[in-house]
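>>> Give me a model of this one.
(chains A, B and C)
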Amino acid sequence: MVRGPYYDKNGIKRGAWSKEEDERLRAYVERYGHRNWRQLPKHAGLSRCGKSCRLRWLNHLRPGVKHGNYTQEEEELIIKLHERLGNKWSLIAKRLPGRSDNEVKNHWHSHLKKQLECNHAEKSEFKMKAGGTCEGETAKCLEPENPLLGFVAASSSNISESTPPIYNSSSTFSFGGSTVASAAWEIVEEFGDSWTQPFVPENIYGQDNYYFSLNHAAYEADLDEYYSSFLFQNAEFLCQVMREFPEDPTKDI
DNA sequence: AATTTTTCCAACCGCGCGCTT
DNA sequence: CAAGCGCGCGGTTGGAAAAAT
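The predicted model follows:
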């Protein structure tokens, strides 16, 4: 299912890789590594460009690389990560041992995207029949429109051992903890201008936009993984904190 | 059986970033 | 500081295989 091999005007070979080329590349990289992809084909005796070699190695030849046969767990993980990270295929692929970014991207476009669109259509139909509300099915209903919100709706407000140390400056996560409250406000203030409110049926959360801001913050922020995951898992809790503290407690400090 | 259409995987392409000179 | 280079990323394309007509 690929272009047949051919040579471009510069004499660089393109298109499908032969077994012999694969073996040459594999043998070279296994022996000498790949410090410089541009120089590599010359030394390995290949008429390919460096980019092509790199792609071939990453997607097909490197040890442990897998093809097809996605497990349900892998698919669910891709969907979840895509909700959180968007089209950051390389980041998503890093969480899936043996899968390359290209492989994950292709699988998304050819299978998962359609699957989700299909689910979305089915759920829209369900909502129409239910008179435009999502009562009782809040999390599931929200998921297709805005996966982040679905996640929040489904999440519990408990704070576990996984809470990042930064938020543990007070002994517990009581609502009196001003550290938590100011952190929550910081997040909303920092991202308040940049986010655009997603479509959400008004009768679900009313005027309370905290959920959206917090989750958008977690989504947009280039935060370290631990922090961002905390935001996702505890958005509901942070919302409660913010209701307790309508003003940022550290504002005037 | 022949032809057309669709699917989907491998590879290409262009851009942006970081590093070096 | 600017230019050049190499790499990695994400979007797009080509085309063989499969499915539909």
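
>>> Can you name the residue of chain A nearest DNA strand B?
Proximity of chain A to DNA strand B (Cβ to the nearest atom of the strand) peaks at residue A:14, 3.0 Å away. Every C-beta, even on glycine, is put in place using the N, C-alpha and C of the backbone.

>>> give me the beta-bridge partners of that residue?
Taking DSSP bridges, one obtains residue A:6 as the residues bridged to residue A:14.

>>> Isn't it up against residue A:21?
No. The pair residue A:14 / residue A:21 is not scored as a contact, 11.6 Å apart, by Cβ atoms under 8 Å.

>>> Where does pLDDT dip in the stretch 1-150 of chain A?
Applying pLDDT under 70 to the stretch 1-150 of chain A picks out residues A:1, A:117-150.

>>> what residues does it put near DNA strand B?
With the criterion set to Cβ under 7 Å from any atom of the strand, the stretch 1-150 of chain A comes near DNA strand B through A:1-3, A:14-17, A:51-52, A:55-56, A:59-60, A:67-68, A:102-103, A:105-107, A:110-111, A:114.

>>> what's the closest non-adjacent residue to residue A:70?
residue A:107 (6.1 Å; Cβ to Cβ, 6 or more residues apart in numbering).

>>> Residue A:112 touches residue A:75, doesn't it?
Yes. Using Cβ under 8 Å, residue A:112 is in contact with residue A:75, at 6.2 Å.

>>> For burial, what's the neighbour tally of residue A:101?
17 (other Cβ atoms under 10 Å).

>>> Oh, that last question was meant for residue A:64, not what I typed.
For residue A:64, using other Cβ under 10 Å, the count is 7.

>>> Now do the contacts for it.
Counting by Cβ atoms under 8 Å, 6 or more residues apart in numbering, residue A:64 touches A:97, A:98.

>>> Reduced to three states, what does it come out as?
coil (DSSP: H, G, I helix; E, B strand; the rest coil).

>>> what's the spacing between it and residue A:52?
21 Å (Cβ to Cβ, to the nearest Å).

>>> Could you say which helix or strand holds residue A:76?
According to DSSP states H and E, residue A:76 maps onto helix A:72-85.

>>> After that helix, heading C-terminal, what element do we hit next?
helix A:89-94.

>>> In that next one, which of the residues would be classed as buried?
Neighbour-count burial for helix A:89-94, counted by 16 or more other Cβ atoms under 10 Å, picks out A:89, A:92, A:93.

>>> For the closest residue in space to residue A:13 that isn't next to it in sequence, give me its contacts.
Among residues not flanking residue A:13 along the chain, residue A:47 sits closest, at 4.1 Å (Cβ to Cβ, 6+ apart). Contact analysis of residue A:47 by Cβ under 8 Å, 6+ apart lists A:7, A:11, A:12, A:13, A:41.

>>> same check, this time on residue A:11
By Cβ under 8 Å, 6+ apart, the neighbours of residue A:11 are residue A:47.

>>> Likewise for residue A:99?
Residue A:99 makes contact with A:65, A:66, A:74, A:93, according to Cβ under 8 Å, 6+ apart.

>>> List buried residues within those.
Counted by 16+ other Cβ under 10 Å, the contacts of residue A:99 give A:74, A:93 as buried.

>>> Out of the contacts of residue A:99, flag the one nearest to residue A:25.
For the contacts of residue A:99, the minimum distance to residue A:25 (Cβ to Cβ) is 13.2 Å, reached by residue A:65.

>>> show me the contacts for the closest one.
A:58, A:59, A:98, A:99, A:100.
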